[in-house]
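1. Quick one, what's the 3D model for this:
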Amino acid sequence: MNQKKTTRQIKALGLCSGGLDSILSALVLSEQGIDVTWISFETPFFSSESAQKASGQTGINLIIQDITKEYMEMMKAPRGGFGKNMNPCVDCHTLMFAQAGTRMREEGFDFLFSGEVLGQRPKSQTKNAMRSVEKNSGFEGDLLRPLSAKCLPETRMEQQGLVDRARLMDITGRSRKVQIQMAREFGIKEYPAPAGGCLLTDKIFSNRLRDLLYVQKTDETRLLQLLKFGRHFRLDNECKLIVGRSKNDNEQILAWYDKTQDIRLRHAEMAGPDVILLGNFSDSHIKTAAQITAGYTKSKPGETTSIRVIEKGEKTLLKVLTPQPGIFEDLMI
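-> Sure thing, here's the model as predicted:
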């Protein structure tokens, strides 16, 4: 073994989802005296919320980086294709390692690490997939997977003595018994379920994303964020309606509402959802939007009711007939 003699502390940058495997991979290295830092990426499809909680629990420093622009460019043609829905898992991991690798070089870290476990995920954590991700990231040889290291070829970091291979793990498969026992030993009491928080694995969200990308043909960040909230209706290729389903939905929809571009609708006299009309719309679209808005209030079907319409700060009342239930169902995305 060609071990490198050094008196300085080794620094490693790890990808962190906030899950148990991410936490344990960092602690395994930290036990060896390695200075570990996490990086967590954000897009409209996943956040760093769990990573922030993990950082607070462990005291490990966390870097947060938004990669929406790079992610949407990758989504145009992922080399590994999509999974069951709009999840490009292999290319997603490749992009994250590429971004982390750039940060590693810029900020003087010695290597990258992740909490990946061999065989845990059937598409993205096979030996071939893991090798492909590393190679295509542009940082081949710089990535260590501490939880499965003994089941994988020895890395540069181990060969050079930056990491003690004997103190790494040999975990494989989908069982989490070993990780749960390790969590007890490390005193880790809180961690999210392993299902993950990526919206691209969700069928309904994926349908909305396809509609935005391939029908409306845009990937504007604001519109990507709005995919997460409310009921969505496609009025035509350039016009869409979003109807809140709850108080939180209403708040989030209004947070992304653009007063200069969108129309806001709400029942003038009774409780109901906040609604926004986006894109290129006509008077006919506004009337349809008002009817849909009325349909989600306690106004009786066939009854004439008043909807408040706000466009560029100007408020008007539009009287419409409350529709029969389900009449606009074919417009829902």
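2. hmm, who's touching stretch 255-270?
-> 222, 225-226, 254, 272-278, 281, 286, 289-290, 293-294, 297-299, 305-313, 317 (C-beta atoms under 8 Å, 6 or more residues apart in numbering). Just so you know, the C-beta spots here come from the backbone N, C-alpha and C atoms, and that holds for glycine as well.
3. In PyMOL, how would I select the buried members of the residues you listed?
-> This is the PyMOL syntax for the buried subset of the contacts of stretch 255-270, where burial follows 16 or more other C-beta atoms under 10 Å:
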select buried, resi 225+226+272+273+274+275+276+277+278+281+286+289+290+293+294+297+299+305+306+307+308+309+310+311
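4. Let's see which of the contacts of stretch 255-270 end up in strands.
-> Residues from the contacts of stretch 255-270 lying in strands, with DSSP state E as the criterion: Val275, Ile276, Leu277, Leu278, Thr305, Ser306, Ile307, Arg308, Val309, Ile310, Glu311, Leu317.
5. what's the closest of the residues you listed to Arg210?
-> Using C-beta to C-beta, the shortest approach to Arg210 within these belongs to Leu278, at 17.0 Å.
6. could you list every residue that touches that closest one?
-> Leu278 neighbours (C-beta under 8 Å, 6+ apart): Leu223, Leu226, Cys239, Lys240, Leu241, Ile242, Gln261, Asp262.
7. Look at the fifth one and give its secondary structure.
-> Local secondary structure at Leu241 is given as strand here, using DSSP: H, G, I helix; E, B strand; the rest coil.
8. Give me the number of neighbouring residues for it.
-> If you count neighbours by other C-beta atoms under 10 Å, Leu241 ends up with 28.
9. give the contact list for it.
-> His232, Phe233, Leu235, Val275, Ile276, Leu277, Leu278, Thr288, Ala289, Ile292, Leu331.
10. Serialize the contacts of Leu278 to CSV and add fields for distance to Gln324 and pLDDT.
-> Below are these laid out as CSV (distance: C-beta to C-beta, whole Å; pLDDT from 0 to 100):
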residue, distance to Gln324, pLDDT
Leu223, 30, 97
Leu226, 27, 98
Cys239, 23, 97
Lys240, 22, 97
Leu241, 18, 98
Ile242, 22, 98
Gln261, 31, 96
Asp262, 27, 98
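11. next helix or strand past the longest helix seen in the chain?
-> For the chain, the longest helix by residue count, based on DSSP state H, is helix 89-107. Using DSSP states H and E, the helix or strand that follows helix 89-107 in sequence is strand 111-113.
12. average pLDDT for that next one?
-> Averaged over strand 111-113, pLDDT sits at 98.
13. Name the residues of it that are buried.
-> Applying a neighbour-count criterion of 16+ other C-beta under 10 Å, one finds Phe111, Leu112, Phe113 buried in strand 111-113.
14. Skip the chain neighbours and tell me the closest residue to the second one.
-> Right, Leu112. Leu143 (4.8 Å; C-beta to C-beta, 6 or more residues apart in numbering).
15. Find me the pLDDT at that neighbour, would you?
-> The per-residue pLDDT reported for Leu143 equals 97.
16. What residues does it make contact with?
-> When contacts are counted by C-beta under 8 Å, 6+ apart, Leu143 touches Phe97, Phe111, Leu112, Phe113, Ser114, Glu134, Ser137, Thr155.
17. quick one, phi/psi of it?
-> Backbone torsions of Leu143, given as degrees, to the nearest 10, read phi -120, psi 130.
18. ok, it to Ala98 distance?
-> Per C-beta to C-beta, to the nearest Å, Leu143 is found 11 Å from Ala98.
19. if I look at these two, which residues touch both of them?
-> Common contacts of Leu143 and Ala98 (C-beta under 8 Å, 6+ apart): Ser137.
20. can you give me the strands in the stretch 101-250 of the chain?
-> For the stretch 101-250 of the chain, applying DSSP state E, counting those that start in this stretch gives strands covering 111-113, 143-144, 231-236, 239-243.
21. quick one on the thing from earlier: list the contacts of the longest helix of the chain.
-> Identification of contacts with helix 89-107 by C-beta under 8 Å, 6+ apart yields 13, 15, 39, 41, 63, 65, 67, 70-71, 74, 78-80, 83, 109, 111-112, 114, 121, 123-124, 129, 132-134, 136-139, 142-143.
22. quick check: domain ranges of the chain?
-> Dividing the chain into domains by automatic domain parsing, as the record does, gives the ranges 11-198, 202-331.
23. Quick one: end-to-end distance for the first one.
-> To tie it back to what came earlier, the one meant is domain 11-198. The stretch domain 11-198 measures 29 Å between its terminal residues, going by C-alpha to C-alpha, to the nearest Å.
24. and it, how far from the chain's centre?
-> Centre-to-centre, domain 11-198 and its host chain are 15 Å apart (C-alpha atoms, centre = their mean, to the nearest Å).
25. And stretch 197-205, by the same measure?
-> Offset of stretch 197-205 from its chain centre (C-alpha atoms, centre = their mean): 9 Å.
26. From start to finish, how long is that stretch in a straight line?
-> 12 Å.
27. And for stretch 218-230?
-> Distance between the boundary residues of stretch 218-230 (C-alpha to C-alpha) amounts to 19 Å.
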